[in-house]
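**Q** take this sequence and fold it.
(4 chains, ligands or ions: 4)
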There are 2 protein chains.
Amino acid sequence: METVEKLTKVLRNHSMKITPQRLMIFQILENNTSHPSAEEIFKRVKDIYPTVSFTTIYKTLEVLCDLGELRELTIDDARKHYDPNTNTHHHIICTSCKKILDVFEDFSPHVKLPESFRENYMISNFQVSFYGICKECN
Amino acid sequence: METVEKLTKVLRNHSMKITPQRLMIFQILENNTSHPSAEEIFKRVKDIYPTVSFTTIYKTLEVLCDLGELRELTIDDARKHYDPNTNTHHHIICTSCKKILDVFEDFSPHVKLPESFRENYMISNFQVSFYGICKECN
DNA sequence: AAGCTAACAAACAACTATTATCATTTAAAA
DNA sequence: TTTTAAATGATAATAGTTGTTTGTTAGCTT
Ligand SMILES: [Mn+2]
Ligand SMILES: [Mn+2]
Ligand SMILES: [Zn+2]
Ligand SMILES: [Zn+2]
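**A** Numbers count the residues shown, from 1 in each chain, chains lettered A, B, ... in the order given. Ligands and ions are numbered 1, 2, ... in the order given. The predicted structure follows:
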């Protein structure tokens, strides 16, 4: 199922309303692998709905995160980025231009929390972040 | 060599000055595995030097990071944390209380950037972040 | 189709972490 | 001790994000 359709359904199931602004956000997120920041999403929505406010963007992104339909990435120290792909995967960020790409390698067979933590932590997930410089940034 | 001694030496080598405030920060960082935020460091320095400013804390932490003597952790989405241990290692963060612990497992033999990225990226390092709930937070 | 109401959007204010500016002070070299 | 470059601290500014209020609307009910 495509993102727009799925998110519409999920929000409906929670008696939340589908507004034009939200639909636009869903469309922006559909098949989006660019890991946009709130501002990048805001700008694109603003092109179509010039009166949209930042609050609306943040509120909708928060709702989607709470519903588990969106991942909030803590990888760029300057701002949060959002990822509609909620399947386990990893990232590489260029420390110069801050571009974030997906790394779909499955590290789970090898990356396990050491035994000593097992009894003290309930692990929900892990993520691997690679830091480097992309070719464009040399 | 202990942290205070080492940092003093490194700063001297770069013609930087050793001030009482900086020495206090060095002491706070010595053997510190709590991954403090700037504010936590600020509060502790303030106990001894009540007129210290936040600027001094941030500036000194920036200097240490630039010199490679301190690691800035991007793992808590609310604020940066600092780690005097600059050797490669990983972390587990409790998503409830935000406590950060070290994970010293060496994942480097298994966690490698996939071949497809090799020609386009100069990787400087990677980090594994485990997310979970600690026992105290249940 | 019209009315109802919880949820929403927008305007705006507030807040938090961090960085910038700059006059004053000080570490440390001469 | 004098000199000077660098650090400090007061203050302001900035950026990202969250909270509040009030009028509007999606989508159900009649
Ligand atoms: Mn991704
Ligand atoms: Mn650590
Ligand atoms: Zn780049
Ligand atoms: Zn906890």
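
**Q** quick check: closest non-adjacent residue to residue A:108.
**A** Spatially, and ignoring its direct neighbours in sequence, residue A:108 is nearest to residue A:88 (7.1 Å; CB to CB, 6 or more residues apart in numbering or on different chains). Every C-beta, even on glycine, is put in place using the N, C-alpha and C of the backbone.

**Q** torsion angles phi and psi at that neighbour?
**A** The phi/psi pair for residue A:88 (degrees, to the nearest 10) reads phi -60, psi 120.

**Q** in this structure it contacts residue A:125, no?
**A** Yes. Using CB atoms under 8 Å, residue A:88 is in contact with residue A:125, at 6.5 Å.

**Q** separation between residue A:111 and ligand 3?
**A** Using CB to the ion, to the nearest Å, one obtains 26 Å as the distance from residue A:111 to ligand 3.

**Q** got it, and residue A:133?
**A** 6 Å.

**Q** DNA strand C versus that residue, what's the distance?
**A** 19 Å (CB to the nearest atom of the strand, to the nearest Å).

**Q** part of a strand, is that residue?
**A** Yes. With DSSP: H, G, I helix; E, B strand; the rest coil as the criterion, residue A:133 is part of a strand.

**Q** show me what the residue nearest the centre of chain A bridges to in the sheet.
**A** The residue lying closest to the centre of chain A (CA atoms, centre = their mean) is residue A:83, at 2.0 Å. When bridges are called by DSSP bridges, residue A:83 pairs up with residue A:71.

**Q** wait, it sits on residue A:34?
**A** No. Residue A:83 is beyond contact range of residue A:34, at 9.3 Å (criterion: CB under 8 Å).

**Q** chain A: strands as residue ranges?
**A** A:71-73, A:81-83, A:90-94, A:100-103, A:121-134 (DSSP state E).

**Q** how close does the closest residue to residue A:110 other than its chain neighbours sit to residue A:63?
**A** Excluding the flanking residues, the one nearest residue A:110 by CB to CB, 6+ apart is residue B:110, at 3.5 Å. Going from residue B:110 to residue A:63 by CB to CB, to the nearest Å gives 37 Å.

**Q** with neighbour numbers in mind, choose between these two.
**A** residue A:63 (18 against 11; other CB atoms under 10 Å in any protein chain shown).

**Q** quick one, what contacts the residue nearest to residue A:110?
**A** Residues counted as contacts of residue B:110 (CB atoms under 8 Å, 6 or more residues apart in numbering or on different chains) are A:107, A:109-111.

**Q** just the closest of these to residue B:59, please.
**A** Closest to residue B:59 out of these is residue A:111 (36.1 Å), distances taken as CB to CB.

**Q** test my guess that the closest one contacts residue A:123.
**A** No. Counting by CB under 8 Å, residue A:111 sits too far from residue A:123 to count as a contact (10.9 Å).
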